[in-house]
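1. give me the fold of what follows.
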Amino acid sequence: MADAAISATVKVVLGTLISIAADRIGMVREVKAELERLSNTAAIIQGFLADADGKMHTQGVREWLKQLEDEVFKADTVLDELNYDNLRREVKYRNQPMKKKVCFFFSFFNAIGFSSSLASKIRDINTNLERINQRANELRLAKKQQKEAALPADAAGARQTDSIVVPNVVGRSGDESKIVDMLSSPSEKVLSVIPITGPGGLGKTTLAKSVYNNPKIDGHFGQKIWVCVAKEQIKIMELFKLILVQLTGEEVKVDDRNVIVKNIGEKLKGQKYFLVLDDVWDHEQGLWNDYFNTLMGLNETKGSWCLLTTRLEYVANAVPRDLQMNDRPYFLGKLSGDECWFIIKGKVMSAGEEVPEELEALKEQILRRCDGLPLAASLIGGLLRTNRREKWHSIVQESLLNKYQSQINQILKVSFDHLSSPSVKKCFAYCSIFPQDTELGEDELIEHWVAEGFVLPDRENTGMMEERGGEYLRILLQSSLLEKVEDEGSTYYKMHDLVHDFAKSILNPESSNQDRYLALDSSKGLEENTIRKIPASIRTLFLHLEGGVSTDMNMLLRFKCLNVLKLSGYDVNFLPSSIGKLLHLRLLDISSSRIRSLPESLCKLYNLQTLTIDDDELKGGFPKRMSDLISLRHLNYYDYNAKLKMPMQMGRLTCLQTLKFFNVSQEKGCGIEELGTLKYLKGSLTIRNLGLVKGKEAAKQAKLFEKPDLSYLEFKWESGDRESDNREEDVLEGLQPHPNLEKLKIQYFMGNKFPQWLINLSKLEALRIEDCKRCSELPSLGQLPSLKRLSLIRLGNIRFIGDEFYGITANEEEEEEGRSRASGSGARRRKFFPALEELYVENMGNLVEWKGADQVRSTVGEAEADVFPMLRNFRIQRCPQLTALPCSCKRLYVENCDNLTSIKTGYGTASVEELWIDSSDNLRELPDLFGSSLQRLTIKRCPRLISLGVNGQKCRSLRSLWVMWCPNLVSFSLNLHETPSLEKFSLFDCPKLIPHRFNGFAFATSLRELSINSPFSSDDSSVDGFDWSGLRSVSTLRELRLQGLSHTESLPHQLQYLTILTSLSLHNFGGIRVLPDWIGNLVSLETLKLWFCQKLQSLPPEAAMRRLTKLTCVEVYYCLLLRQRYTPQRGIYLEEEISSYFQ
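-> Below you'll find the predicted structure:
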């Protein structure tokens, strides 16, 4: 296997050699003959490699391959020096004054050759390669024509399918339910541990994630913590650090155990927590005894759980038995054959596709090879997916050959062997240099692959390298060698730990003469002389320093062959000037370090392709000669400072693809015209200080229309009040982007109107117009076919939104009537904002009228015209003069719209699922609004609202109802008989709405949480009039929150019958001195919260409290007398459970 990895390496490097040598033959006169010789010899050797792959079992071929590996890396280094020298001369020529360029031109091509020493190196390499070539003949290796295999059809297209993990985990629902039930059950232990054990590839981590994200456990724990251990030996300090990092989201910068443990205790204070320790290897029993005892000492609240996953049973048994559920580990079983077959079919076929005969015929053999392991099933499915059907039989047979090798490793070997090219194999292996469980972005992965030379350039289009890298990534996904992870709208990629181990053995194989890719981390133990032992010829170095570890950064100069350097950690705060001598460096990543300035010598890295810096942290600005970085493709840095000076003459960086922002300046070489030559720009770009652009023709020099790969643009003028200026309209007109643009933001534009090109952006999905205070009319956006999200913010000069906004012309009605008569009933149904899903309107203080959906239909003469047909979210805030809403949707949010007296939106009202109204001073009623779709209703701070009703309509879908701070609300006709789905009901500070108006709680069969803060008091008939009997019969009620008055001397005695409550909160019962004995009747109570009970001196008697066997949390806030009594010094009963909760 290792020799096959070396073979892949040699093939990739040889391909690079042949490409570079061929490119340079015509340019370098002194070594032309040697380069031709090198190119020819390399091509001959390349022909031998295919035959060598089949003869790895012979010692002679293996030795030949290792010699070849060393020699081709030497040749690659020498040719890269040649490439660097040519780039250096090109930069020098470009920087010459015009008068000197003619003389320099001749010297450039006459003296472009090298010193005799470099030419001698190429000659020596040729001699060695020819000797290796001769040795191949002696080994009787046959020459075979080789070319890189074509990419699979699926990988080359846009289709990205079944290599992505299915959200529903196959075959583990029973295990998940069992564990969730354990976690949800009451526990007398402070901490319980479930060690899940089983062989690799069984799905332990997948199961743990399913449990961790199961919504049924969310209400049981105040904190959830996920920690990936993934180390054979780990120090207890590391474990505590990992927990603290998850709790705070910040790097831990101290090494004092007491400080770290104390911080953890403060974060967990009084809360039950759920901790997952994934991929544990350390079996030292003393470690785990110390670890879990410390956790239990930090937080003595009962009911916390830890889920631990490990491949090794003896690791699971190292967990103290008294903490384990049922005193033994949870042994995860294998999947059934049907479950494995389901996974395989999902990988191989598209949804609804029938099982091919070729696959069905191999079913028995495949399932035997899977052996119940879901990872094996996923890998086999991915392997078959990326190969032709006629090869399936031989592939399955190949995966069964070695009965002594583990199922997973044998399948991984076959998957690796069948990858489409040596380049893809190298890209796969390289992923293992990142730590286990690292989630990597697509751009980051591909930038590393390109920097390492695994992705060869297209001679006609060097910009194709990243696209080809994307194709390689899709191959690895479809082969199930990488997994796709979706996280809050972002996409990442990672490796299963078994796949990671396999890839690591390939990256630096033991049979190779030396490691070429290293990742060193001081937090995992780094000897003082480790760095000195690193071979000087290393190609990639990841160096993480923290915990007081220091090293002389000038030692980096030893590693002159570095292609990739990634520096990280709290103790990395300086980049030495010697960095400029790393001539081969193509990727420099300092984004996770404390480096805040860049040395000027950095600009001598003419091979540098990617520079990654932590956003907004470049305090010293850019080096002056950044434009000399002639090969730079990706500047991964964003700075929010509009005054930050850009490097001069950035237009010289003609390879640049990633540039996140550009600050226009009046200084020479810093104008907007610098963007014009950057034709490969892609992704997002923010252009600031547009007020400094002189006009339309100046703006056009940016040539944004010629940049099809830019997906997001942000145009930003200077903030502050300015007079309306037609020049700004001209500038925006000149900034016309390519029609491929997907997202656009315009801010601080002071023109009166927007350019016509806006309505031609057919692929535009998101538009944000913000702080354009002089604009008097909005662009015509209603016919944009792809627009999904529209934000209109602080447009203070907009008074009316009418026909133009929808794209309706002045004579629209007459034209529509004519078309209708001509075509009869078959007239095409018109759509306005056909794709819009989210609409946000904020701070439009002068907006008086907005033509609504019904008015639009009337204008165009079509009752069935679709207006906002896809709208899901409509949020409108601080529009005080608007009297009516233009439309409705599934989620409607209205805030600070003072002139809104009623919610009457007409068409589409019945589809409202969620309504939120906040701070609408003149809103008086909500009639005729709610239909059967309403699920959530929240009303806040509406001082004139007097009526809240449904006029007899049923709200059978209503799940949540919150009414707060409505002092004049007197009518509330909600019928609890008609709200069987109601789960949460909260009433806060509505003093005129007395609780006895709410009857029928017995019919609220789904109610889980009830909060009544319209005050209860002992002398108020509302207490006795409240529907206690109905509430008592609600079997689902778990949380109750009540607020009394400051003089209230007793609790409503009816509370004692609510024995199913798990949480009770009592607020502002200011006259109560002692809690009654009947509190002990609430036998299901887990949490008791007491707020602002100033005279409360004592909890119930000990006997009553002891009946609360499930009570794990008592929270006491602003109850001073109670706090004085229950202190650790007084030795009062329950002191340990209670004293830590006082605030």
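2. ok, residue 659 - contacts?
-> 635, 650, 678, 681, 685 (Cβ atoms under 8 Å, 6 or more residues apart in numbering). The way it works is simple: take the backbone N, C-alpha and C, and place the C-beta from them, glycine included.
3. list the ones among those that fall in strands.
-> Judged by DSSP state E, the subset of these located in strands is 635, 685.
4. narrow the contacts of residue 659 to those that are buried.
-> Neighbour-count burial (16 or more other Cβ atoms under 10 Å) applied to those gives 635, 650, 678, 681, 685.
5. in TSV: these, plus pLDDT and distance to residue 670.
-> Output for the buried ones among the contacts of residue 659, formatted as TSV (pLDDT from 0 to 100; distance: Cβ to Cβ, whole Å):
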residue	pLDDT	distance to residue 670
635	97	15
650	95	8
678	96	14
681	96	17
685	98	16
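6. so which of the residues you listed would you say is closest to residue 562?
-> Within the buried ones among the contacts of residue 659, the smallest distance to residue 562 is 19.5 Å, found for residue 635 (Cβ to Cβ).
7. test my guess that that closest one contacts residue 658.
-> Yes. At 5.9 Å, residue 635 and residue 658 qualify as touching, with contact defined as Cβ atoms under 8 Å.
8. circling back to that earlier point, may I ask which two of the contacts of residue 659 are separated the most?
-> Using Cβ to Cβ, those reach their maximum pairwise distance at 650 and 685, which is 12.1 Å.
9. what sits in contact with each of those two?
-> Joint contacts of residue 650 and residue 685 (Cβ under 8 Å, 6+ apart) are 659, 662.
10. may I have stretch 215-224 exported as CSV, CA atoms only?
-> These are the backbone C-alpha positions of stretch 215-224, laid out as CSV (Å, rounded to 0.1, in the frame of the first residue of the first chain):
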residue,chain,number,x,y,z
PRO,A,215,-34.7,17.7,20.6
LYS,A,216,-36.1,15.4,23.3
ILE,A,217,-33.1,16.0,25.5
ASP,A,218,-32.8,19.8,25.1
GLY,A,219,-35.2,20.6,27.9
HIS,A,220,-33.4,18.3,30.3
PHE,A,221,-30.0,20.0,30.2
GLY,A,222,-28.8,23.6,30.7
GLN,A,223,-25.6,22.9,28.8
LYS,A,224,-24.5,20.6,26.0
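11. avg pLDDT for it?
-> Mean pLDDT, stretch 215-224: 85.
12. now stretch 656-673
-> Taken as a whole, stretch 656-673 has a mean pLDDT of 95.
13. which parts of it are buried?
-> 656-665, 670-673.
14. same deal with stretch 531-538?
-> Within stretch 531-538, the residues scored as buried using 16+ other Cβ under 10 Å are 531, 534, 537, 538.
15. do the same with stretch 319-333
-> Quick answer for stretch 319-333 (16+ other Cβ under 10 Å): 319, 323, 324, 325, 329, 330, 332.
16. now do stretch 912-927
-> By 16+ other Cβ under 10 Å, the buried positions in stretch 912-927 come out as 912-923, 925-926.
17. tell me the one among those residues nearest to residue 881.
-> Nearest to residue 881, judged by Cβ to Cβ, of the buried residues of stretch 912-927 is residue 922 at 11.2 Å.
18. so after the helix or strand bottoming out on mean pLDDT in the chain, what's the next helix or strand?
-> Among the helices and strands of the chain, helix 153-156 carries the lowest confidence by mean pLDDT, DSSP states H and E, at a mean of 39. Next helix or strand after helix 153-156 toward the C-terminus (DSSP states H and E): helix 173-184.
19. orientation of the helix or strand following that next one relative to helix 173-184 in degrees?
-> Following helix 173-184 in sequence order, the next helix or strand is strand 191-197 (DSSP H and E). Here strand 191-197 runs at an angle of 160 degrees relative to helix 173-184 (axes from the mean of the first three to the mean of the last three Cα atoms, to 10 degrees).
20. so which elements touch strand 191-197?
-> On a contact count with 3 or more Cβ pairs under 8 Å, 6 or more residues apart in numbering; DSSP states H and E, strand 191-197 meets helix 173-184, helix 204-212, helix 285-298, strand 304-310, helix 313-316, strand 330-331.
21. quick one on the thing from earlier: the buried residues of stretch 912-927 in strands, which ones?
-> With DSSP E as the criterion, strands contain 914, 915, 916, 917, 918 from among these.
22. and the nearest residue to residue 452 once chain neighbours are set aside, what does it touch?
-> Leaving aside its sequence neighbours, residue 452 sits nearest to residue 563 (Cβ to Cβ, 6 or more residues apart in numbering; 5.6 Å). The neighbours of residue 563, taking Cβ under 8 Å, 6+ apart as the test, are 451, 452, 453, 539, 540, 584, 585, 586, 587.
23. can you get me a residue count around the nearest residue to residue 752 once chain neighbours are set aside?
-> Residue nearest to residue 752 in three dimensions, not counting chain neighbours: residue 776, with 5.3 Å by Cβ to Cβ, 6+ apart. Applying other Cβ atoms under 10 Å, we find 14 residues neighbouring residue 776.
24. dump the buried residues of stretch 531-538 to CSV, plus distance to residue 278, secondary structure and pLDDT.
-> Converted to CSV, the buried residues of stretch 531-538 look like this (distance: Cβ to Cβ, whole Å; DSSP: H, G, I helix; E, B strand; the rest coil; pLDDT from 0 to 100):
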residue, distance to residue 278, secondary structure, pLDDT
531, 30, helix, 76
534, 31, coil, 84
537, 36, coil, 86
538, 31, coil, 91
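25. mind picking the two most distant members of those residues?
-> Top of the distance list for the buried residues of stretch 531-538 (Cβ to Cβ): 531 and 537, 14.8 Å.
26. wait, is residue 1103 part of a helix?
-> Yes. Assignment of residue 1103 by DSSP: H, G, I helix; E, B strand; the rest coil places it within a helix.
27. quick one: it and residue 1079 touch, right?
-> No. Using Cβ under 8 Å, residue 1103 makes no contact with residue 1079, being 11.2 Å away.
28. between these two, which is the more surrounded one?
-> Using other Cβ under 10 Å, the more surrounded residue of residue 1103 and residue 1079 is residue 1079, with 21 against 9.
29. for the more buried one, which non-adjacent residue is closest in space?
-> residue 1100 (4.8 Å).
30. now residue 536
-> Leaving aside its chain neighbours, residue 536 sits nearest to residue 558 (5.4 Å; criterion: Cβ to Cβ, 6+ apart).
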